[in-house]
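> Provided below are the primary sequence and the corresponding predicted coordinates.
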Amino acid sequence: MISTVEHPELTVCKLGTNLDNLLEQPEGQRILSCIQCGTCAGTCPYGDYMEYSPRKIIAMLRRGMIDEVLQSDSMLKCVACYSCMIKCPRGIKLSDVLLPLVKEQTLIRAKEMPAELQHSLQNTLRYGNPMGESSRKRAAWTAKSKAPVPIMSEIKRPVDVLWFVECYTSFYNRGQDNSCAVARLFNALGIDFAILGNEEKCAGDCGQLTWESGLFETLTDYNMVIFKKYKFNKIVTGDPHAFNAFRIRYPMYGFDYEVWHTTPFLAEYVDKLKPKLKKPLNLTVTYHDSCCIGRRAGFYDEGRTLLKAIPGVKIVEMVHNRMNSICCGGGGGGMWLDTYFKQKDMERLSERRVKEAIATGADVLAVSCPYEIYRFEDALKTIPHEKPMVVRDVVELLAESLVEE
Amino acid sequence: MPTTPIKNEPVKIGYYICHCGTNIASVIDVDAVAKYISKLPNVVVSRNYKYMCSDPGQKLIEDDIAKYQLNRIVVAACSPLLHETTFRNATRKGGLNPFYFQMVNVREHNAWVHSDREQATRKAIELSRAAVERVSLHKPLEIRKLPINPNVLIVGGGIAGIHAALVLANAGKHVYLVEREPTIGGHMAKFDKTFPTLDCAACVLTPKMAAVGKHPNITLWTYSDVVKVDGYVGNYKVTVRRRPRYVIEELCTGCLECIDACIYKEPKFSDEFNLGLGKRKPVYIPFAQAIPSIATIDANTCIELKTGKCKKTCVDACGDRKAIDFKQKEELKEITVGAVIITTGFKTFDARRILYYGYGVYPNVITSLEAERLLNAAGPTSGEFLTRDGRKPKQIAIIHCVGSRDENTNKWCSRVCCLYSLKLAHLIHERTEAEVFNFYIDMRTPGKSMEEFYNRVAEEGVNFVRGRVADIYPDPSDGSTGHLVVQAEDTLLGKILKVPVDMVVLSVGLEPDPASENIRKMFNLSCGSEGWFLERHPKLAPVSSFNEGIFIAGCCQGPKDIPDTVAQAGAAAAEAFSIIDLGNIEIEPNTAYIIESECSGCKSCIPLCPYSAISFDTEKHKSVINEALCKGCGTCVAACPSGSIVQNLFEDEEIISEINGLLEPIEVK
Amino acid sequence: MNAYVLIKMAPDPVEELDIANDGKSLNAEFIRFKSGDPDEHSIEQALLLKEKNGGKVTVVALDAPEVDDVLYTALAKGVDRAVKISLDQTQLGSVATAQAFASFFQKEGISSDTLIMPGTQAIDDIEGETGALLAEMLALPYIGVVSGITLTNGGAKAVVVKEFSSGLRGEYEVELPAVLGIQSAEKPPRYVPVAKIRAVMKTAKIETVDLSEPDKAKILEIERMYKPEVAGRAQILEGDVKEIAAKLAEIFAERGII
Amino acid sequence: MENENKNKSGNGNWSPRIVAFFCNWCTYTAADLAGVSRMKYAPNTRIIRLMCSGRVDPQFILEALARGADGVLIGGCHPGDCHYVEGNYKCLRRFRMLKRMLVDMGIEDKRVRLEWISAAEGEKVKRVVNEMVAEIQELGPLGIPKKFEEWDKEIEDLKHEIENKEKEEVAKQ
């Protein structure tokens, strides 16, 4: 249903678009129509800290003064949250096209690159994951899973669903909780699935949104070859960033599979799933809309639908929700810029978000993204709050309530 | 009377291509075209001229007809929809039947849409050649005249409908004014004061409303809808449904006693006129100066109408007047009118559609129309402008362009919002002494005295922030006191502002009213992609529709302020008047007729005609077209298997010669 | 300045290293090779010197798996020339390696502005000998564990910073030509966009130099490889926070730490 | 940006010729609007104005193709918006029938096209014309007049053949 082949308007831009030829592209014509209203700067979570807000960047680009922008570090502060793009009254593809191009050129000119970010990118290039773990251990988490997790290269047959596990959900402890939960849910629903195991490499969304188009293309080339090795009907991933990459960027390279994120994917099965959710959790939950599933793809109800299916769960909303949700700060490379932001005296967005979650009085901050688990759990350690709060992925809550026959 | 050339007289064609200044000549090599056409058979004169539509241009045609005994004229210029009549007249003045003329569109369909000179010139030659071939076959035709019904229907009783109705009624014409609400007055009746003069809307509107109510030439049907339209210019047959208001209009005196006596002691139901800010009873009059000043009983909330088990205290209160009738049924009225004016108005943008402005979530985020009601002395708060929790606001934000200039909602500028936002800023500041922040994208104050009004409001100390608001949220430092933060970039300073306020007014834009879509369909009006009704020509026919005798005025055509609405309404009234006052109307002679000798009597054509203009002569066993009913679409012509139907002006041979003229091989140079 | 950065490829410890059945070598199936951090810093230091003083930077490496990637990346970063010596590095030890480089430089020639910059030590053998051996063979001065270089006297001399433990810094002055073993550059190694590396791979060329086989006697032989044996001193405390804290305090007291 | 088709007609470089039948009320007006808005589109269409798309006699389409058009475009009001109530539906029916016949005759689907274009859709005129020109450019010339010549020649040759045979037979006898 989300195939960009059927919806070409979802793709980002023509390959080979750069800052020099941007204004000649259809996306550039929209930029020429900018009315300098400042919505982008006003909604930007780090707009306060940018010397050149998206609005000013457009003004400078149109005046041929973009070099000045590229000398500043403004774009390093963009966390690719899509807020400016979704609210832009002129429909300018800010987060999809303009800002990554500016970010790319900013970083090429930067005297020094933030070390964490550099390591992550180098690791992703060498090991296929930003943490620099051995690619041979990518499927090691499956040993922890109580439910069977078939691997493509081993089962040697076509499957319905290729589950693209992704990095955080393969290597990090709390991410593995997410993966084990998904494995249980898939098994309980009788979904015919398999994973790529050690053959999988990072989808590269953060690379792309960070600026690193070369890295992104290297990963795209690699993953496309692997996909072609196997037969499957659709790709499902628990990582909104991989989902984003497959949905809007891979089609530029000829990718045309049906793509789902686990949250909307499982929501399609909610009728089948609900009778199996027998263990009441008795929790008040607030749901955080991730940028790539929410704002960028428009899946706002699906996470809530799944939570409502769990007996005993009561949903409360944060002040900023749905399209107005506040980013966890992890996108566009923000995941590896915490130290850099700290040096610049910038508030951590995860902390801003967690304050809103705490204000709801919920027991659980539910998320649909493996990045957010880390960011919000960390933020909860630093933001004082009286009532205990935990961060759980929607799939973890579902699995907790699940009683297998 | 035009002279008719003698049959078999050799065809002598005069061809003229217009430069239209540089509009045409800068793209098309008009010299080359004229030269090429001059060599075609039967072409006697072929010229190019700077402005064919000018007096000397028309004179050129007349003189050439006399000088060269021309009997056919072809002009290549702009769209025939613009100047066909002009050149037909010139042809007639030269002494020819005006239909010995053919026009070629080389401006809108050529020079303005192409830039390759060679290709455009070639296209002009081919189009001209087609016209030259076609015009040879033209026949002399007479313009038809049809009688006209002198009454006018006006749909929509806002200020546009009211004004148009009064203009026509005062000129002695009978007007039917149909309004779907229980009262006329429209949006204007809800406003407090009007920009830039700050005179109160009610003071200028209600006298006009009253005049409509008592005018002998106006039949006012409120609480009514148009449900069916038939006929054509001069003779539109319209069916109007009068919904039951369960009060007999002729007997009700508007004394309000039934309302006082209603079994509901206190008003309980959401008051539509006050946008739900106040309450009403099941029996109500929308506001004090409503016209007609007659009670209406709402079937959805009246106990009697819902259950039949009410004590009917209202009936008792009405007493001898016996105006209340719970058995009232809807009534269908059929009327015939010569012309129609559509003034169905607009709808305000539903601010819920912009999620980040929190309308419907935060009680102190209100729309501009709600602000008007709160400011209005006759409104639900008697003009006290307070927050929903009853506080006197100290800081207020007014947000311009809500649902305007936005690809995600409505693309257009709603034109009145800047000015009414300035007005609201002035009124709110005056009433509450609150500090007012107007957030705008561009300040648009065109028109007489409007910029001066902007100056005045600025000097009063309203804070203008050039920046579109990106977020509105409850003040996190403030617990649950209802204070809001408005966040926007001040684009002139390049700074992000977070302004704490007590209230936010969303200046909602104007959009086409989806409820008038069925009106549009019934009257066969065109609309743009946005849904505004389309005028026949944006400059030269701004209140005409594409249908003869149907006019549009006010905001159903596009956003506009009260002065422009009234001006348009007056213009529409005058246009309608110019049709109905003639007594009869000239009709393009493009009707179809049947060549009796060739008709096989197969009846294929009969069910095709949407106007039932074709009947069957059972004696002769032939179909017959009633010329008076035929509207000249040509659908039957295309269907006739024996080719016995001919459409004047669009004869098969004429069209085929046109096709041929377009496609013959061409040798340029 | 005419700088030469010497690269050595070593097995990547991120990938699990297994010992092969012969007990003398690594299991080749999953080994990947990478250059060591000191080598990366050496490239950075050379580029910084070039940016300040002008001149030319050449990277030189013996043939080894994945060495081309390292050379292309260096070129993408701004190195002028990349040279690959066609000898299998993985089969040579420090002495043989030094000898190979020495014969390369004899061919190449050494001038008064030559600066030879190996990383101070490789990450596999951690010997730190190659630089010194090479200097000896070429009869040039050697300074190791360098963490900063400033050229003086119009590039005829270099002032070299060396860091010692406990935070001591030493400054040395040395005349060029010289061999300097680099520990770290003045700035962390720069990042180069992958797109640039990909472009360089298409356009730039790696020079290959053929050298004769080194003297077999100089090649080190490995007798045994084994994994560190587990000492088993760790103790895992269980219980809730309070219990663990109490146990910890007890242990500290027991051992006389507190 | 101009979307004008730069393929030159004449001089051997072929470029499609399209005859367009536009209804007076919607599509012709839309084409006027495209002009007033100075939209640029391919110069390959020649518009013939009719009062209603219901007037489009299938014969006109065949005639245009027979006389050398490479494509025919019909433009009418959107369903429900016909100035003459339902002329556009009549047009649609005829169009569907004719399309079947044309396909049987080997005339490609994309050569004859029916579009609903309201008076406000100048942009759509531009899009449809450009699309159609590009599609027909791809298909190449239809060239029916040339085929007619060939067929005429074939018939002529056959005639001669028969005549000759008859003559021969006569001679034999």
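Yep, it's here. Residues are numbered from 1 along each chain as shown, chains lettered A, B, ... in the order given.
> which residues in the stretch 351-500 of chain B form helices?
Remark: helices assigned in the stretch 351-500 of chain B by DSSP state H, counting those that start in this stretch are B:368-375, B:417-432, B:450-459.
> Compare those and give me the one nearest chain A.
helix B:417-432 (13.7 Å; Cβ to the nearest Cβ). Every residue, glycine included, has its C-beta placed from N, CA and C.
> what packs against the closest one?
Applying 3 or more Cβ pairs under 8 Å, 6 or more residues apart in numbering or on different chains; DSSP states H and E, one finds that helix B:417-432 makes contact with strand B:193-194, helix B:368-375, strand B:395-402, strand B:435-440, helix B:450-459, strand B:503-508.
> Deepest-packed of these, please.
Mean neighbours per residue, mean count of other Cβ atoms under 10 Å in any protein chain shown, is largest over the helices and strands packed on helix B:417-432 for strand B:503-508, with a mean of 28.
> what about whatever helix or strand comes next after that strand, average pLDDT?
Proceeding C-terminally, strand B:503-508 gives way to strand B:510-512 as the next helix or strand, assigned by DSSP states H and E. Looking at strand B:510-512 alone, the average pLDDT works out to 97.
> Give the burial count for the residue in the stretch 201-350 of chain A that chain B sits nearest to, as a bare number.
Sorted by distance to chain B under Cβ to the nearest Cβ, the residues of the stretch 201-350 of chain A start with residue A:324, at 4.5 Å. For residue A:324, the count of nearby residues is 23 (other Cβ atoms under 10 Å in any protein chain shown).
> Now do the same contact list for it.
Contact analysis of residue A:324 by Cβ atoms under 8 Å, 6 or more residues apart in numbering or on different chains lists A:83, B:355, B:356, B:471.
> ok, which stretches of the stretch 251-400 of chain A are strands?
Taking DSSP state E, counting those that start in this stretch as the test, the strands found in the stretch 251-400 of chain A are A:258-261, A:283-287, A:313-316, A:364-367, A:390-393.
> Buried residues in the last one, which are they?
Of the residues in strand A:390-393, A:391, A:392, A:393 count as buried by neighbour count, 16 or more other Cβ atoms under 10 Å in any protein chain shown.
> Would you check how far apart the residue of chain B most remote from its centre and residue B:367 are?
For chain B, the residue at maximal distance from the C-alpha centroid (Cα atoms, centre = their mean) is residue B:477, at 49.9 Å. Applying Cβ to Cβ, to the nearest Å, the value for residue B:477 to residue B:367 is 27 Å.
> what does residue C:102 give?
In this structure, residue C:102 lies at 85 Å from residue B:367, with Cβ to Cβ as the measure.
> just so I have it, where are all the strands in chain D?
In order along the chain, chain D carries the following strands (DSSP state E): D:18-23, D:45-50, D:71-76, D:112-116.
> Do you have the helices of chain D handy? List them.
Assignment of helices within chain D using DSSP state H yields the ranges D:27-36, D:58-66, D:87-104, D:122-139, D:144-172.
> ok, which residues in the stretch 101-250 of chain A are in contact with chain C?
With Cβ under 8 Å from any Cβ of the partner chain as the criterion, the stretch 101-250 of chain A comes near chain C at residues A:104, A:107-108, A:112-113, A:115, A:118, A:121-122, A:125-127, A:132-137, A:211-215, A:217-218.
> quick revisit: including mean neighbour count, mean pLDDT and distance to chain B, could the helices of chain D go into JSON lines?
What follows is those, written out as JSON lines (neighbours: other Cβ atoms under 10 Å in any protein chain shown; pLDDT from 0 to 100; distance: least, Cβ to the nearest Cβ, whole Å):
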{"stretch": "helix D:27-36", "mean neighbour count": "26", "mean pLDDT": "92", "distance to chain B": "3"}
{"stretch": "helix D:58-66", "mean neighbour count": "20", "mean pLDDT": "94", "distance to chain B": "5"}
{"stretch": "helix D:87-104", "mean neighbour count": "17", "mean pLDDT": "93", "distance to chain B": "5"}
{"stretch": "helix D:122-139", "mean neighbour count": "20", "mean pLDDT": "94", "distance to chain B": "8"}
{"stretch": "helix D:144-172", "mean neighbour count": "10", "mean pLDDT": "87", "distance to chain B": "8"}
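> Ok, which of the ones you listed comes nearest residue B:194?
Checking the helices of chain D against residue B:194 by Cβ to Cβ gives helix D:27-36 as the closest, at 33.7 Å.
> can you pull up the bridge partners for the residue nearest the centre of chain D?
With the centre of chain D defined as its mean C-alpha position, the nearest residue by Cα atoms, centre = their mean is residue D:72, 1.9 Å away. With DSSP bridges as the criterion, residue D:72 is bridged to residue D:19, residue D:112.
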